[in-house]
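Trainee: need a 3D model of the following:
(3 chains)
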Amino acid sequence: MPTHIWWIRRDLRLTDNQALAAALADDAVVIPLFVLDDHLLAAPTVGAKRLAFLWQGLTTLDADLRSRGSRLIVRRGDPAIEIGRLLAETAATAVYAEEDYSPYARRRDASVAAAVPLHLVPGVTVRPADVVRKADGGIYTVFTPFSRAWKALPLPHRSDLLPAPERLAPPPAALVSLPLSDAIAASSLFPAGEAEAQRRLAAFVKAGVPVPDDRNRPAPIARYADDRNRLDLAGTSGLSPYLRFGMISARECVVAGLEAMALGDASARRGAETWLNELIWREFYVSILYHFPNVLREAFRPELRAIPWINDETQFAAWCAGRTGYPIVDAAMRQLVQTGWMHNRARMIVASFLVKDLLIDWRWGERFFMHHLIDGDPAANNGGWQWTAGVGTDAAPYFRVFNPVLQAAKYDPEGAYVRRWVPELARLPDAFIHAPWLAPADVQRRAGCVIGRDYPAPIVDHASTRTRVLRAYNLAG
DNA sequence: TGAAATGTTGGGGCG
DNA sequence: ACGCCCCAACATTTC
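Mentor: As a prediction, the model looks like this:
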């Protein structure tokens, strides 16, 4: 019987794992390996929250493997060297891994492939990064035609999903594995692991869950088109960290979305289609980064590479700390730093504020997000920032400047989101919750929140910064 | 997956 | 009764 290495990178799951399935061919003994990559562990873009989530995910994966007779081998160092070592220790003949498309991952995999027989299989996305092409072979740089072509390709069905293997042969007992420290505080909002990801997907697409008594409660996915932008509701799937580390396969999510479209009523169809589009956005940005790796360094649109940024360090610090004086911005930034996650609508609002109101280089915000987000992924994060900055592919016209007060009124109508994350504003009346500087002095005093003392005055005036950014982009573009 | 400015329309108050 | 004005509501244009 041959021995194969299943090299795990961002596919921390046993269900619907094409790399694991490929490694299991020919009844091979499979050695599940994770290499703690020194290069990634040291990167400033990797923050404690994402690392803790990875750590807990590895611990959970190890437990899942043990319940099936196997175990996880953890090593630390340069992947090419560590994999070479493991091959020498085990007489393994091949390495199987899920293909990852970021520029660093591609360089890393090329250097591994130069030393050992490495087989890369799809799985990070439903469509491999270079598959969705125009009729003439060109690359889509606009989302809508990309999504049309994506949907025109054969769609996955439930029968395509690969079940988790019931039993796995154990790796040689002598193989050393680094201990996974459980000292790292795991997130209670995002418990890592495949089982939790499955539970979330089920709760999102099924009616009456997680309130079994209420059979009439529609599935969240059926309300997704309406609720996904609401900051004060739990209208999203909450799956992004799990997709980021492959604790659930993108393919399984797509299958669940397609089933909801096929089975539901009109509103369920609309919600499921909207969610499916979000999954396709994810694949779109993977494809963009694959074909245009320079976007990690510069704007996709060359004419918008010369915007005269102000890059005020003090204002950037205020944005990072959630002390800009705009409640919706501050609530979102505090949610991010405290939990490692931010609602997508809030991501757009704070990004617009940083780039358009403060005239700070979108790459500063991109880096900060990447450090703090548990779901931080270079393709999606970069795509989102370029989109908001209006310098990317499917670029929002640059004059789309979000008004933080209007956005807040629309997507957090009673201010529940603001009150949760900016407690010093909690007692202000609804009428002033999103623009507290407009509250009369006695209202501020009675609410125990005097602007300038208990909560900052706005660090910029939106009306004038709006004019300023339009001029700045005009000069550049 | 914008917001603000400007234009249009129509009802009602009023002389 | 009629014209005039005001303005809300909605539509269109502009940034």
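Trainee: nearest residue to A:T236 in space, please, no chain neighbours.
Mentor: A:R228 (5.6 Å; C-beta to C-beta, 6 or more residues apart in numbering). All C-beta atoms are positioned from the backbone trio N, CA, C, and that covers glycine.
Trainee: so who does that neighbour touch?
Mentor: Each residue near A:R228 by C-beta atoms under 8 Å, 6 or more residues apart in numbering is listed here: A:G235, A:T236, A:T274, A:W275, A:N344, A:R345.
Trainee: pull out the buried residues from these.
Mentor: A:G235, A:T236, A:W275, A:R345 (16 or more other C-beta atoms under 10 Å).
Trainee: identify the farthest-apart pair in those.
Mentor: For the buried ones among the contacts of A:R228, the farthest-apart pair by C-beta to C-beta is A:W275 and A:R345; their separation is 14.7 Å.
Trainee: tell me how far A:D11 lies from DNA strand B.
Mentor: As judged by C-beta to the nearest atom of the strand, to the nearest Å, A:D11 and DNA strand B stand 25 Å apart.
Trainee: and A:A351, by the same measure?
Mentor: From A:A351 across to DNA strand B, the span is 12 Å (C-beta to the nearest atom of the strand).
Trainee: that residue reaches A:G390, doesn't it?
Mentor: No: between A:A351 and A:G390 no contact is recorded; they are 10.6 Å apart, counting by C-beta atoms under 8 Å.
Trainee: pretty sure A:L86 is in contact with A:I31, am I right?
Mentor: Yes: between A:L86 and A:I31 there is a contact under C-beta under 8 Å: 7.0 Å.
Trainee: using CSV, write down the CA coordinates of stretch A:470-477.
Mentor: What follows is stretch A:470-477, C-alpha atoms only, in CSV (Å, rounded to 0.1, in the frame of the first residue of the first chain):
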residue,chain,number,x,y,z
LEU,A,470,-14.4,64.5,-5.4
ARG,A,471,-11.8,67.1,-6.3
ALA,A,472,-8.9,64.8,-5.3
TYR,A,473,-10.2,61.9,-7.5
ASN,A,474,-11.0,64.3,-10.3
LEU,A,475,-7.4,65.5,-10.4
ALA,A,476,-6.0,62.0,-10.3
GLY,A,477,-8.5,60.4,-12.8
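Trainee: that one near DNA strand B anywhere?
Mentor: No: Stretch A:470-477 stays clear of DNA strand B (C-beta under 7 Å from any atom of the strand), getting no nearer than 8.2 Å.
Trainee: next one: that stretch to chain centre, how far?
Mentor: 31 Å (C-alpha atoms, centre = their mean, to the nearest Å).
Trainee: over to stretch A:319-333?
Mentor: The answer for stretch A:319-333 is 21 Å, by C-alpha atoms, centre = their mean.
Trainee: quick one: average pLDDT of that stretch?
Mentor: Stretch A:319-333 carries an average pLDDT of 98.
Trainee: how about that stretch: buried residues?
Mentor: Buried residues in stretch A:319-333, counted by 16+ other C-beta under 10 Å: A:319-320, A:322-333.
Trainee: could you find the closest non-adjacent residue to whichever residue of the stretch 351-477 of chain A sits closest to DNA strand C?
Mentor: Nearest residue of the stretch 351-477 of chain A to DNA strand C, counting by C-beta to the nearest atom of the strand: A:F399, 4.0 Å away. Closest residue to A:F399 apart from its sequence neighbours, by C-beta to C-beta, 6+ apart: A:L470 at 5.9 Å.
Trainee: biggest helix in chain A by residues?
Mentor: helix A:266-291 (DSSP state H).
Trainee: how far does the helix or strand hosting A:P241 sit from its chain's centre?
Mentor: Per DSSP states H and E: A:P241 is located in helix A:240-244. Computed by C-alpha atoms, centre = their mean, the chain-centroid distance of helix A:240-244 equals 6 Å.
Trainee: does A:V295 touch A:I288 like I think?
Mentor: Yes: counting by C-beta under 8 Å, A:I288 is a contact partner of A:V295 at 6.5 Å.
Trainee: now the common contact residues for the two.
Mentor: With C-beta under 8 Å, 6+ apart, A:V295 and A:I288 have common neighbours A:G383, A:G392.
Trainee: between these two, which is the more surrounded one?
Mentor: Comparing A:V295 with A:I288 by other C-beta atoms under 10 Å, the one with more neighbours is A:I288, at 25 against 22.
Trainee: could you point out the longest strand of chain A?
Mentor: strand A:29-37 (DSSP state E).
Trainee: strands paired with that strand, and their directions?
Mentor: strand A:3-8 (parallel), strand A:73-77 (parallel) (DSSP bridges).
Trainee: enumerate every residue touching the most centrally placed residue in chain A.
Mentor: By C-alpha atoms, centre = their mean, chain A has its centre lying nearest to A:D375, at 3.6 Å. By C-beta under 8 Å, 6+ apart, the contact set of A:D375 is A:R50, A:S240, A:P241, A:L243, A:R244, A:W341.
Trainee: which among these count as buried?
Mentor: Buried members of the contacts of A:D375, counted by 16+ other C-beta under 10 Å: A:R50, A:S240, A:P241, A:L243, A:R244, A:W341.
Trainee: need the CA coordinates for the host helix or strand of the first one. PDB is fine.
Mentor: It refers to A:R50. In the assignment (DSSP H and E), A:R50 maps to helix A:48-66. What follows is helix A:48-66, C-alpha atoms only, in PDB (Å, rounded to 0.1, in the frame of the first residue of the first chain):
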ATOM      1  CA  ALA A  48      -3.900  37.000  17.100                       C
ATOM      2  CA  LYS A  49      -7.600  36.400  16.500                       C
ATOM      3  CA  ARG A  50      -7.100  34.600  13.100                       C
ATOM      4  CA  LEU A  51      -4.100  32.700  14.500                       C
ATOM      5  CA  ALA A  52      -6.200  31.500  17.500                       C
ATOM      6  CA  PHE A  53      -9.000  30.500  15.200                       C
ATOM      7  CA  LEU A  54      -6.500  28.500  13.100                       C
ATOM      8  CA  TRP A  55      -5.100  26.900  16.200                       C
ATOM      9  CA  GLN A  56      -8.500  25.800  17.500                       C
ATOM     10  CA  GLY A  57      -9.400  24.600  14.000                       C
ATOM     11  CA  LEU A  58      -6.300  22.400  14.000                       C
ATOM     12  CA  THR A  59      -7.100  21.000  17.500                       C
ATOM     13  CA  THR A  60     -10.600  20.200  16.300                       C
ATOM     14  CA  LEU A  61      -9.400  18.600  13.100                       C
ATOM     15  CA  ASP A  62      -7.000  16.500  15.100                       C
ATOM     16  CA  ALA A  63      -9.900  15.300  17.300                       C
ATOM     17  CA  ASP A  64     -12.000  14.600  14.200                       C
ATOM     18  CA  LEU A  65      -9.100  12.600  12.700                       C
ATOM     19  CA  ARG A  66      -8.600  10.700  16.000                       C
END
